[in-house]
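Engineer: Pasting a predicted model and its sequence here:
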Amino acid sequence: MKYLVLILCFFGINFMISQDLLLEAESFDEKGGWVVDPQFIEQMGSSYLLAHGMGVPVENAQTQVNFKKNGEYKVWVRTKNWVPGEWEAPGKFQIKVNGLVLENTLGLRSGWGWEYAGAVQITNKKNTLELVDLTGFNGRCDAIYFTTSDIEPPSSVKKLATWRKTVVMEPLAPKITKKYDLVVVGGGIAGCAAAIAAAEQGLQVALIHDRPVLGGNASSEIRVHTLGIYGNFERILKKLDTEHYPNGSPEAHKDQIKRDNNVKSYENVSLFLNWRAYDAKAVENKISYVDARQTASAESIRFEAPLFVDSTGDGWIGFWAGAEFSYGRESVDQYGEEWKEHGELWSPKQPDNAVMGSSVLWRSYEAEEVAEFPEVPWAMPVARDYAKVKGEWQWEFSRNDLNQIDDAEEIRDHMLRAIYGSFGNAKKLPENANRKLEWVSYLVGKRESRRLVGDYIFTLNDAKSGRTFPDGVVEETREVDVHYQTVLEDEKNPDFISEALFYKTPKYYIPYRSLYSKNISNLFMAGRNFSTSHVGLGGPRVMRTTGQMGAAVGFAASLCKKYDVNPRDIYTGYLDEYMNLIEEQKYTPIPDSKK
Amino acid sequence: MKIIIAVILFSGLGLVWIQKTDVIPTSVSQNKTLSNKPEFFVMEWREGMVLENKPTPFFIEVETMGNQNVDILVTAHDRPVLYTADICTPVCADGECRLMYITIYWNLLGAYAGYDKVEGQTLTKHDHVEFLKQDYEKLHHLLIDDNSILKRKKIDELVLKPKESELDGVDAIAGATIAEVKESVVDGALYSCYVAWNIAHGPIKAELQEYTTSNFDNKLKGYMLMSSEVDYQMYALNSLSESEYFDYKDRIVQIFKSGIPLVRTYIVQNLPKLFWESESLQRPFWESFAEVDINNRSLLLNHIQEAPIEVLLLLASNLELMTKNQLKLYLSAIENIAMTNPDINAQLLRFAESGKHTYAYIVAEFLEEME
C-alpha cells in the first residue's frame, strides 16, 4: 500500500473542514511504462513520473490509495505542457480512479502547476488510481491532490514547497542519521572510483547516487563511452569504465553490469542507489552533514562524516555548503588561454556565461516491417528541416540564456524536440520507412556546469606546457577539446549541433590541490566539477580522467582519516606518503595465491 | 627579414613538415594578372576587378620540386586583395607518385579563399581516374573547413585502421571518425586531399597573416571593417580603439544587424561603456533586437538596466521573441513602471492574454503579483 497523507485543513474564516490527500506520482506502486525523473528537483520541487514512450503511449502507472472518509473529492494534478504553442500538447494524459477516467485531459498548462482533473465520488476505503498516457511523448505528472475543498493548491515553487511540507507534515530534518568515514555524493565514474579507493584503504564509505545504476554519463541510461588514460589507477578504473563502443550503443549494458557488480562487491561501501542529496550543512566552513532523499518514497537520511566528496557533476554539495565556484568562460586574459586561430570561439575577450552543452543520445533501427511515426508539429520549430536517424556526441545544446543546472529541464526538452523532429523528418524519406526509434535517453548528459574552486585552478597552460607538479596525481594525454554551437557561425545551422576544437598537448598533469575546496575544509571534489578554468576543463572532463580524480581523492581520504586531518593538510604535511600511495597503485598487488 | 618556410617531405605514407630558415627561392614569380573570379572561391568578387601578381618573401618548398612562390594579388591602386601560389607537388600512395597542379588563394589573414585548376592539368584519383565536377567541389569544401579532421591526424592514421585506444581524441566513435574522413574527402583521392589541405592550412597561413599585420594601416582597417568577410570584420573590430568605435559607429550597427552571431557577440560584449551611457548611441542596437539571434538578445538584455524608457517600450512589443529567462530579466527591469506606464501595461496584458505564447504564464503571474 502507498503511504499517503490525510490532513485536516482550516480555510478562511468559515473554519470549513476539508479532507485532503497528496500523492506523489513517483511513489506509485507500479510505474508501468512511466519512469521516475529526479533530475530537476531543485528547480521544480520534486521527482516526477515521465511517460517516455518515444511516440508510443506507455503502460499505465498504478497504485492503491486508501481514503479515510468517503465523499466527493476534487482531483488536482501537478503537471505541465512541456511544449506549449499552437499545436496539440505533446504530453497529454488522464487520471483513472477505480477504472473511471476523470473528465479533464491533463498536461495542458504552461509551466509547472496544478490542473484540475475532475471530481470523483469515493465510496470505499481502498481505491485504485492510474495514470493513462495518451501520446508516448513525455507527459509528466508530479503529484495528485485529492481535496474536498474548493481551493486550488499553490503553483509557484516557493509557495508549493511550504505547502507540501504542511500537507505531508514532513519533518524538518531526516529522522535517521547514518555515520561514515567518507560520504561520496554522485555515483558517476569519479564518485565510484573515490568510493572504491577509500574502501580499499579500509574506510566506511557511503555512496549516494540518484539513479538505479552507477556510472553517470557512462551508464546504460546515458551511454557515453569513457575516454582518457588510466594514469596510476588502471586496476580500479577497469572495474568501472566502458569499451570504446559508439556513444549511445546498447553495449553499455554489459559494462553497466560489470560496474555495478564491482562497486557492490565492496562490503564497506554502503550504496544508496535512487537517493538524491538535497542539502549540505557547513558550520565554520566545515560540512557536518548531507541530507538525501529516496527519489521515489521521499524517505530521508542525514549522512554525517568528517569528509565528503562532491562528485555530483553540478557541484551541489559545494554549492549548498557555500564553497567558492565558477561558471562560464573566463576572459582570454584571465589565465592567458588564447588560441589565436579560433579566437572568440575558444576563449573570449570578455568573460561570459557560455559553457559547453549537454547531450541527449539516441538511436533507431531497421524494423522488419514498415513503422509509423506520428506527426510532431511541436518539435519542428527546433528541428526545422534537419533529418537524422541517430544522434552522437555532436547533438549538444547550450545557449547563453540557459543555465546548465537551473534550466536543465528546458535543455533536455529542447533536445527531445530536436530528436523527435529530426527523426520525424527522416521518416518522411522512403529509405526510412522501416526505421523505428530504439532508444532515446531522457537524462541530460552534461559536459560542464559549476566548477568548484580549489587551492589550484587547472588551466590550458598546465596542459600546453605539460607542467609537472609535486602533487600531480592525475595524468592525461588527451587533447584539450572545447565545444561550441555551430549556430554561432551560421544561423542556418541547427542550434543543437556542436563542433569540437582540438588543442594538441603533451602529457599533462592535474595537481591534488585542484581536488579539494579552497574554503570548505573537509570537501573533496572529483569529476567535471573539479577546480579548473572553462578551457582547462576541455581535456580532463572525460571519464577515465575524472575517474583518476575520484581514485586520487579516495586515497587522500584514507590518509585524512589516518592522521585525523583535512584534505589540505595532506598536501602541506603528508605529501610524500600520499604520493607514494598513489605511485603504488600503478602496480597490481601480487594475488594471495602467488605469495 | 627572417623567412620561415614549410617543406613537405614524403616518406612512404608519412608527410612531415620541416621548418627551414633563410632559404632563397629557387624560382622567380612571373608577372601575371587575375581578371576572373577563381573557379572555386569563398569570397565576394567584384566584377571587372583585375588583380596583379606581386612577389612576397614567402614560398612553399616542395621536396623534389623546389620552391613554390607565394604572391600577393593587388588592385590597380595597389590595394592587397589575396595571396596566391601555383603549386606543383607530388602525391604519393603505395609507392607510386604523380604530380598535382593547383593554384591556391588565401585571403589577407591567411585563410583559404579558393583554388583554380591549372590550365591543361586535371586532378586525378587513384588509378589516374580524373576528378569529376563534384570531386572538385568536394575538394573545395574540404579546404574551406579549417577544423577538418585532417588537421589532427597523420595520413597513416587515416588509411590504416587505428587501434581503438588511439581513437580517443574525440568523444566520438572509432567508426564515425573514419566515416567523417570519408565524408569529407574525395573518394579515391585521400592523398591529394591530404596534401592540398596541409598546404592550404600549413604554416604559410600564419606567415601570411603576420605579413598583412605588419602592413596593417588605417586604410586596410577601414577596408576590412567595410568588408562582408567575417574574419576581416572580426580582425578589424579587434583592432579598434575606443575612439574608433565612435568613428565607425554606423558601420558597427550595420554589422551587428547583418553579421553572424559570433561577430555580433563580439560587438555587444566589447562596445565601450559610453555607448551604454548614451541613449542615442545604444538605441540602434536595441532596434535590432528582433533581427538578431537569441544569444545576442540575451547579451543586449544584460544592459537592460541602462536602457531608456523608449527601449523598454520597444521591447514590450517584442515579448513573444523572448525566452523564459529573457522575459524574467525584462520584467525585473520594468517592475516599477509596469502598472504606471499605460503603454507597457497594455503590451503586458496583450501578451499575457493572447493564449498562444509559450511563456505568457510568466507575464500573467507577474501581473498577478503586481496587483
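Structural biologist: Yes, it's here.
Engineer: shouldn't residue A:45 be in contact with residue A:158?
Structural biologist: No. Residue A:45 is beyond contact range of residue A:158, at 9.4 Å (criterion: C-beta atoms under 8 Å). Using the backbone N, CA and C atoms, a C-beta is placed for each residue, glycine as well.
Engineer: Comparing these two, which shows the higher neighbour count?
Structural biologist: Per other C-beta atoms under 10 Å in any protein chain shown, whichever of residue A:45 and residue A:158 has more neighbours is residue A:45, with 18 against 9.
Engineer: And that one, how close does it get to residue A:164?
Structural biologist: Counting by C-beta to C-beta, to the nearest Å, the separation of residue A:45 from residue A:164 is 7 Å.
Engineer: Find the closest residue to chain B in the stretch 51-200 of chain A.
Structural biologist: residue A:110 (4.2 Å; C-beta to the nearest C-beta).
Engineer: check contacts around that residue.
Structural biologist: Shown in contact with residue A:110 (C-beta atoms under 8 Å, 6 or more residues apart in numbering or on different chains): A:80, A:81, A:84, B:358, B:359, B:360, B:361.
Engineer: ok, now how distant is the closest residue to residue A:508 other than its chain neighbours from chain B?
Structural biologist: Leaving aside its chain neighbours, residue A:508 sits nearest to residue A:463 (4.2 Å; criterion: C-beta to C-beta, 6 or more residues apart in numbering or on different chains). Counting by C-beta to the nearest C-beta, to the nearest Å, the separation of residue A:463 from chain B is 14 Å.
Engineer: Might one say that residue A:463 is in contact with residue A:505?
Structural biologist: Yes. Under the criterion of C-beta under 8 Å, residue A:463 makes contact with residue A:505 at 4.5 Å.
Engineer: Mind listing the shared neighbours of the two?
Structural biologist: Between them, residue A:463 and residue A:505 share these contacting residues under C-beta under 8 Å, 6+ apart: A:480, A:539.
Engineer: Compare the two (neighbour count), which wins?
Structural biologist: residue A:463 (28 against 19).
Engineer: State whether the more buried one is indeed within a helix.
Structural biologist: Yes. Judged by DSSP: H, G, I helix; E, B strand; the rest coil, residue A:463 forms part of a helix.
Engineer: So for it, what's the pLDDT?
Structural biologist: The score at residue A:463 is 98. That number is its pLDDT.
Engineer: how much space between residue A:212 and residue B:157?
Structural biologist: 40 Å.
Engineer: who has more neighbours, these two?
Structural biologist: Remark: of residue A:212 and residue B:157, residue B:157 carries more neighbours, 18 against 13, as counted by other C-beta under 10 Å.
Engineer: Would you map the strands across the stretch 101-250 of chain A?
Structural biologist: Remark: strands assigned in the stretch 101-250 of chain A by DSSP state E, counting those that start in this stretch are A:113-122, A:126-133, A:137-147, A:176-179, A:182-185, A:205-209.
Engineer: The longest one and chain B, are they touching?
Structural biologist: No. Strand A:137-147 stays out of contact with chain B when judged by C-beta under 8 Å from any C-beta of the partner chain, the minimum separation being 15.9 Å.
Engineer: quick one: strands adjacent to that strand?
Structural biologist: Here strand A:137-147 is paired, per DSSP bridges, with strand A:16-24 (antiparallel), strand A:48-52 (antiparallel), strand A:71-79 (antiparallel).
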